[in-house]
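structural data only, the sequence is not supplied:
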């Protein structure tokens, strides 16, 4: 996934979808930022197969950040990317 770039203090809405079978559980993790999920501030969101979650973020900290799944097999298979928060102009 390329081109994930936001400006500092942008409001970002992430739509997450869990696909696959009963063994395809995911833990989406944002480094350097947090999201609001059902009134709870966190940096990890659990996804079961066949589920959808929408979380909101205000991108506070500029930098080049890692976004990945914590499931070891998924990380090994490449389920990670970098995304950027650029300083506000």
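Thanks, I have it. Because the structure is predicted, anything quoted here is derived from the model rather than measured.

report the contact partners of residue 83.
Contacts were defined as Cβ atoms under 8 Å, 6 or more residues apart in numbering; by that measure residue 83 touches 1, 4, 5, 6, 64, 65, 67. The way it works is simple: take the backbone N, C-alpha and C, and place the C-beta from them, glycine included.

from those, which is closest to residue 77?
residue 1 (14.3 Å; Cβ to Cβ).

where exactly do the helices run in the protein?
Listed in chain order, the helices found in the chain under DSSP state H are 72-76.

low-confidence ranges, it, go.
1-2 (pLDDT under 70).

distance check, residue 70 against residue 59.
According to Cβ to Cβ, to the nearest Å, residue 70 and residue 59 sit 21 Å apart.

who's more crowded, these two?
Per other Cβ atoms under 10 Å, whichever of residue 70 and residue 59 has more neighbours is residue 59, with 23 against 14.

got a list of what the nearest residue to residue 19 once chain neighbours are set aside touches?
Closest residue to residue 19 apart from its sequence neighbours, by Cβ to Cβ, 6 or more residues apart in numbering: residue 49 at 6.5 Å. Shown in contact with residue 49 (Cβ under 8 Å, 6+ apart): 18, 19, 20, 21, 22, 24, 25.

phi, psi of the nearest residue to residue 8 once chain neighbours are set aside?
Excluding the flanking residues, the one nearest residue 8 by Cβ to Cβ, 6+ apart is residue 88, at 4.3 Å. Dihedral angles of residue 88 (phi, psi; degrees, to the nearest 10) stand at phi -60, psi 130.
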